[in-house]
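Trainee: Here's a sequence, model it:
(one chain, ligands or ions: 1)
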Amino acid sequence: MNSPAPIITIDGPSGSGKGTIAKRLADRLGWHFLDSGALYRVVGLLAEQRGITPDSPGMLGDLARTMPLRFDGEGRVLLDGEDVSDAIRTEKAGNAASKVAAVPQVREALVIWQRSYVKPPGLVADGRDMGSVIFPGAEVKIFLTASAEERAARRYKQLKEKGLDVRLASLTAEIRERDERDRNRSVAPLVAPAAALEVESTNMSIDEVFDRVLDRVKDALPNLTWN
Ligand code: C5P
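Mentor: This is a model prediction of the structure:
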């Protein structure tokens, strides 16, 4: 692939901190940001609303190809003009996303969407298969991990801060179940891409993780300018 702009991929399981790190990096660089999970979440949400299950892979693929989705550039996700930014962030939407994400027709439909985000001055892409499948030629690849307990605890804290009534035990169980599905699916399973920097962040603060990632980016792309 001949890329029109440099790409940094940040992959990892749910709750690994990849979204926070990727967003912060994109802001510092003044680059575009792709939250690929949001695409799968929107497909999951729509599929549930329309009662389409993974038993109808062709219909799910069509849904992914034709969904009236738009990002407003300020972090809001609009579906047919309606703001679904909060609706796609629920645990339910995350689980629905991970089910449709195992359907090859859905993954294929989303390839074009995802590659269309590569624009100058550069792209930071956050997901599960950014470095392994969607952008294998990326200049920098990062793979973030943390134990399932730590990831569930981080998620628990975030949700509690939003005033939601959640239970740590069920969050941990859901995270494990989602990991299992994401790692074991036959298409684009969650794996560390070749040549990725792996950061195991269980005992690290978000600032420590960010500094580690930044060092790697500066090594690989020494001529970058920073905000
Ligand atoms: O990252 P996020 O939690 O928003 O992703 C939701 C789900 O979408 C994941 O559990 C995964 O199944 C799927 N996904 C994927 N490939 C990506 C991004 C997300 O399969 N690149």
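
Trainee: Next one: the closest residue to Arg65 other than its chain neighbours relative to Val133, how far apart?
Mentor: Spatial nearest neighbour of Arg65, chain neighbours left out: Ala109 (4.2 Å); criterion: Cβ to Cβ, 6 or more residues apart in numbering. In short, each C-beta sits where N, CA and C put it, glycine included. From Ala109 across to Val133, the span is 14 Å (Cβ to Cβ, to the nearest Å).

Trainee: neighbours of the residue in the chain that the ligand sits nearest to, just the number please.
Mentor: Using Cβ to the nearest ligand atom, the closest approach of the chain to the ligand is made by Gly37 at 2.3 Å. As a burial measure, Gly37 scores 22 neighbours (other Cβ atoms under 10 Å).

Trainee: Might you report the residue contacts of it?
Mentor: Applying Cβ atoms under 8 Å, 6 or more residues apart in numbering to Gly37 gives the contacts 19, 97, 126-128.

Trainee: Pull out the buried positions in the helix or strand where it lies.
Mentor: Under the criterion of DSSP states H and E, Gly37 resides in helix 36-50. Of all the residues in helix 36-50, those buried under the rule 16 or more other Cβ atoms under 10 Å are 36-48.

Trainee: what do you get for stretch 217-226?
Mentor: Buried residues in stretch 217-226, counting neighbours by 16+ other Cβ under 10 Å, are found at Val217.

Trainee: And that stretch, how far out from the chain middle?
Mentor: Mean C-alpha position of stretch 217-226 versus that of the full chain (Cα atoms, centre = their mean, to the nearest Å) differs by 23 Å.

Trainee: can you offset everything so residue one is 40?
Mentor: Happy to do that; since the first residue is 40 now, the last one works out to stretch 256-265.

Trainee: ok, residues contacting that stretch?
Mentor: Here stretch 256-265 has contacts from 45, 47, 64, 67-69, 178-179, using Cβ under 8 Å, 6+ apart.

Trainee: quick check: mean pLDDT across it?
Mentor: Taken as a whole, stretch 256-265 carries a mean pLDDT of 91.

Trainee: how long is it end to end?
Mentor: 11 Å (Cα to Cα, to the nearest Å).

Trainee: next one: stretch 83-103
Mentor: Stretch 83-103 has an end-to-end distance of 9 Å (criterion: Cα to Cα).

Trainee: distance of the residue of the chain closest to the ligand from Gly83?
Mentor: In terms of Cβ to Cβ, Gly76 sits 10 Å off from Gly83.
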